[in-house]
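S.K.: just the structure for this:
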Amino acid sequence: MDIQATIPETVLLLALDDETGKPVLDSTTLLQTLGGAGLAELVVRGRLRLAEEGEPGGTKPGRFVASTSVVEPELEAFVEHAEGRKSSDALARVVGWGGSRSVASRLRAELLGELVAEGALTHAETRWLGIAWSERWERGARTEREDAMQARARALLQDGQPTPADERLVAALAILHGAKALPKVFADLDATALRARADDLARGSWSSEVVRKAIEAMQVAMMVATTVPIVTATSS
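M.R.: Now for the predicted structure:
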């Protein structure tokens, strides 16, 4: 079965608990992983890349440079926050203060809506005094793609060999690994072995050195963000 999905969509589906319909990550970490996933998706598509030494225009090495590729509006919104900035600063800006107006929050809402429309998820909420108290995103009627994605992720994390078709799935696992979230997503797997395998996958599964370096930078940014909470949306 074709399990192709964007990196943010993969992160979101993996982060949702099948039984409770709620994320296994806290709200801040979920937004950080979606922010990192959005930036990683733009790198894989060639819309963003990290500048190198001697870059035309004088952009400092390690900062994002944008191309003229065309992407969806919800991803294009990431570009203006990332261009000319280091991965950690770009991540801080797309996550913002964590409110509904940040581009990572808007991406989350867009993805959930699309997955509900597709039938992969259903939306349920608990209301009190007319106010939504809690939300659940339970499995819908069409879970074949999610099931195949979960199975392939587990195979890769248990020494399965990646193919070129796995690049986005591996990127999603790398982002979750950077956020120290894999043991929560795959709670039944040994955490030590999981981290070691994720390191191996992240080192050798990329279509180009440009993508590898950018994903590696995003992993580092995720580690920093989840260790030291993001407190500003205006760093540059």
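S.K.: quick check: Pro8 touching Leu34?
M.R.: Yes - between Pro8 and Leu34 there is a contact under Cβ atoms under 8 Å: 5.4 Å. In this view, the C-beta of every residue, glycine as well, is placed from N, C-alpha and C.
S.K.: shared neighbours of those two, which are they?
M.R.: Residues touching both Pro8 and Leu34 (Cβ atoms under 8 Å, 6 or more residues apart in numbering): Leu107, Leu111.
S.K.: and the residue nearest to the spatial centre of the chain, what element?
M.R.: Centroid check for the chain by Cα atoms, centre = their mean gives Ala37 as the closest residue, at 2.5 Å. According to DSSP states H and E, Ala37 maps onto helix 27-45.
S.K.: low-confidence ranges in the chain?
M.R.: Residues of the chain meeting the criterion pLDDT under 70: 1-3, 98-99, 127, 129-133, 228-236.
S.K.: would you map the helices across it?
M.R.: 7-15, 27-45, 73-82, 87-95, 103-118, 144-157, 167-178, 182-185, 191-204, 209-227 (DSSP state H).
S.K.: quick one: contacts for Arg195?
M.R.: His177, Leu182, Pro183.
S.K.: surely Asp17 meets Val24?
M.R.: Yes - here Asp17 reaches Val24: they are 5.2 Å apart, a contact under Cβ under 8 Å.
S.K.: next one: Trp137 from Ser87, what distance?
M.R.: 28 Å (Cβ to Cβ, to the nearest Å).
S.K.: more neighbours: which of the two?
M.R.: Ser87 (28 against 22; other Cβ atoms under 10 Å).
S.K.: list the contacts of the more buried one.
M.R.: Contacts of Ser87 (Cβ under 8 Å, 6+ apart): Leu39, Leu50, Gly62, Phe64, Ala214, Ala217, Met218, Val220, Ala221.
S.K.: how about His177: what's its closest non-neighbour residue?
M.R.: Spatial nearest neighbour of His177, chain neighbours left out: Ala198 (3.9 Å); criterion: Cβ to Cβ, 6 or more residues apart in numbering.
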